[in-house]
Each structure stands twice: as C-alpha cells, then as structure tokens.
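Visitor: coords please:
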Amino acid sequence: MTETVLIAGASGIVGSAAAAAMREAGWTVLGLARNPTGQEGVTPVAADLQDPESLRAALAPHRPTRLVLATWMRRPTEAEMIRVNGAMVRNLLDALRPAGTLRHAALVTGLKHYLGPFEAYGKGAVPQTPFREEQGRLPVENFYYAQEDEVFAAARRDGFSWSVHRPHTIIGKAVGNAMNMGTTLAVYATLCRETGRPFRFPGSAMQWNGLTDMTDARLLARHLLWASTAPQAANEDFNVVNGDVFRWSWMWGRIAAWFGIEPAPFDGTVRPLEEQMAEDGPLWAEIANRHGLAEPRLDRLASPWHTDADLGRPIEVVTDMGKSRRLGFLDYQPTDDAFQDLFERLRADRLIP
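Guide: Got it, this is the predicted structure:
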C-alpha cells in the first residue's frame, strides 16, 4: 500500500527534509501551510492551523495515512505559546478525524523538553546530561508538553500510533525559519570575511569548552520515516542527534576554514550575535546585490537570537540516542560534514557568495 503523508510545516528545515526523504521512499507527500510554496513532488494544501473550518475544507479531499507535525508559532509568553500551539495541533487532528485513515502521527519538538521553555530556558533544576527520554517532563508549563498531550489524546480517541522526536539544534536549509543556526553562522562568517571583522565565537565559555551535539535535518527526516512505520517505535518518545559529540573550540575553526577566514581567539567574553548583527541589514543587502544573491533580507536568513540562546547556555548539553539504537535506528551523521554540506548547498542556491 502506498503511504500518504501530510506534513505540517513542509517548507521548514524539518518539513522540507522529511518531504524529500518520504518522496524518495515512494510516498505521496502533502504539504500543509497557510501559503504553500512550490516544492518539487509535494502537493500543496492551503489552510490555517488556527482556523478549524479552513482545515476541514482543505483536507476533505485527502486521505493521509501518516502525519508529521513540524511547525509551531512563537508568541510573547509561554501561556500564549501553550494556548496557540496546543490549539493548532488539536485543530489539525480534529480535521483529520472524519477520513479515518490516519495510522501514525509524528510530532517534532526539541530539547526544551529537558531545558525548559523560552521564559526559563536552561535555568533552575535541569536533568543531568546526557538527556535521556526516561527523565520525563520538568515541573514547569511548556508548549511542547501541550502539543504532546493533544497528540496523545487524539491517538487514544482515534486509534492511531504516535512518536515524539526531540532533536538538538538542527542543521538544515530553510529560508525564513525562526531557528536556523547553520545559516545564521554562514551569514555571520560571510559578513566577517567581507568586512574584515574578527570571526569571534559569540557564546559562553561552557559552550566553547564543553561537549555538545547537534541534529542534521536529513538524519531527523530518516528518523521520522523509520518511526512512522517501524512497529517497535510506535508510541515512543525519542531523542534524535547525529551520534557524534564535539566542542565548539574545535568546530569553530572548522567553520572558519570553510569560509577561508581565521577564527579569532576566544577570551571568554560573551558577544551575542543579536548585538553584533543588529545593524547589518543594509550591509547584507549590499553584499547580496554585489554577488547576485537570491535573498537580500538578512532577517529572512539569520536568527541570531536563537543561535545566541544555544551558544550562550551556561550548562553542557549532550543527548543520549540509546533508545533509538536499541530499537533499530542506527544512522549516523558527522556534524562537521553536516555544516559543510549545508554551506555548499547555500552557495549553490545563491544564498551566500
């Protein structure tokens, strides 16, 4: 039987990678968005997750067997994040109920499950690393938990299985994405090369010296594909990382070398990218014009605030993948190769010179 997957967030870092992996597996791919972009091999479904009526009308002709939830909406407070993002998941699952064809729903969240939400990120009591799934939830309100609860409730009601996927910082390509470290660092390195500024690590001494890991969007996509069909992965939550660990004191030099620049010595001072790049919009537009780049808007490419949150953490963050390994998912991705693959793709797509 041919599978049909509906991807909410199909144009984002996770969703676009999932769409590519599932197309390659021979699945029919539906991409849901308010304003769907043209993606090769993806059938657009135009609907607003906050509008139940538009969802019901848009999904009426379709019979998806699998669902990937890889989208969320940022709001000023965690209470509002919970209300809006919980409702979006609930609305979509309610709209899929009449067809009765859904067999599995995969929800993508992240390590804020262990680190806490934006309002309390990395503060207070945090579970020991490496993070493991059995550590459970923190005793704080978190929109990830609200999303999970909506999926769990609908699965019990309608009889489909679920999986939850918790990547660390994701490396992948998506223009206009709110959380995009790889492209942010590529833009920062380009600005440093073009202007002669020092390529300084912007984060904390803990992140510079401590161990960490990351998640390639392509590996996450393969994990979503696996969990959507493997019986042993049904109704399980998973951490998803590349499988290697590194220190930024090593990785920073690898990134600098790709761009042909020297990394500046790290003196322990935190220099947030949000401050360093605050006035760089016109400069990036000039660089884009000079090199014939496809995106002249800096805010469409870089998300300094999110990169600062990751690189400024005062705690070491390493993620355990043992649960997936024991159940049969054995893929591995070197993180330095993931960065270089992304940079090559950004250059090929004329997003960096």
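Visitor: quick check: buried residues in the helix ranked longest in the chain?
Guide: Scanning the chain for the helix with the most residues, using DSSP state H, yields helix 78-96. For helix 78-96, burial by neighbour count (16 or more other C-beta atoms under 10 Å) applies to 78, 81-82, 84-96. Any C-beta I mention is one placed from the backbone N, CA and C, and that applies to glycine too.
Visitor: G243 touches Q333, doesn't it?
Guide: Yes - applying C-beta atoms under 8 Å, one finds G243 in contact with Q333, separated by 6.7 Å.
Visitor: counting neighbours, what do you get for the closest residue to R132 other than its chain neighbours?
Guide: Of all residues beyond its chain neighbours, the one nearest R132 is D320 (4.7 Å), with distances taken as C-beta to C-beta, 6 or more residues apart in numbering. D320 has 17 neighbours, counted by other C-beta atoms under 10 Å.
Visitor: local confidence estimate at D320?
Guide: Note on D320: pLDDT of 97.
Visitor: what does V84 give?
Guide: Model confidence at V84, given as pLDDT, is 97.
Visitor: next, P76: secondary structure please.
Guide: Assigned with DSSP: H, G, I helix; E, B strand; the rest coil, P76 falls in the coil class.
Visitor: next, count neighbours for it.
Guide: Residues near P76, counting by other C-beta under 10 Å, number 9.
Visitor: the helix or strand that contains L32 pairs with which strands?
Guide: Assigned by DSSP states H and E, L32 falls within strand 28-33. Strand pairing for strand 28-33, using DSSP bridges, gives strand 4-8 (parallel), strand 42-46 (parallel).
Visitor: residues contacting the last one, please?
Guide: Okay, so that is strand 42-46. Residues from elsewhere that reach strand 42-46 (C-beta atoms under 8 Å, 6 or more residues apart in numbering): 6-7, 10, 19, 23, 28-38, 58-59, 62.
Visitor: and that strand, what's buried?
Guide: V42, P44, V45.
Visitor: I'd like these laid out as CSV, including pLDDT and distance to R254.
Guide: Output for the buried residues of strand 42-46, formatted as CSV (pLDDT from 0 to 100; distance: C-beta to C-beta, whole Å):
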residue, pLDDT, distance to R254
V42, 95, 33
P44, 95, 38
V45, 95, 40
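Visitor: before we move on, back to that, okay, angle between the strand holding L32 and helix 78-96 too, please.
Guide: 140 degrees (axes from the mean of the first three to the mean of the last three C-alpha atoms, to 10 degrees).
Visitor: quick revisit: comparing the strands paired with strand 28-33 by mean pLDDT, which bottoms out?
Guide: Ranked by mean pLDDT, these bottom out at strand 42-46, with a mean of 95.
Visitor: and which of the buried residues of helix 78-96 is nearest S204?
Guide: Distances from S204 to those, taken as C-beta to C-beta, are shortest for E78 (23.3 Å).
Visitor: isn't that closest one right up against N142?
Guide: Yes - with contacts counted by C-beta under 8 Å, E78 reaches N142, the gap being 7.1 Å.
Visitor: what do these two both touch?
Guide: By the contact definition C-beta under 8 Å, 6+ apart, E78 and N142 are jointly contacted by P117.
Visitor: which stretches in the stretch 51-200 of the chain count as strands?
Guide: Using DSSP state E, counting those that start in this stretch, the strands of the stretch 51-200 of the chain run over 66-69, 104-108, 161-167, 170-171.
Visitor: now do the stretch 201-350 of the chain
Guide: Here the stretch 201-350 of the chain has its strands, by DSSP E, counting those that start in this stretch, at 211-212, 215-216, 236-240, 246-247.
Visitor: now, of these, which is deepest in the fold?
Guide: A comparison of these by mean neighbour count, using mean count of other C-beta atoms under 10 Å, puts strand 215-216 on top with a mean of 28.
Visitor: which residues sit against that one?
Guide: Outside strand 215-216, the residues touching it (C-beta under 8 Å, 6+ apart) are P167, H168, T169, I170, I171, G172, V240, V241, N242, Q333, T335, A338.
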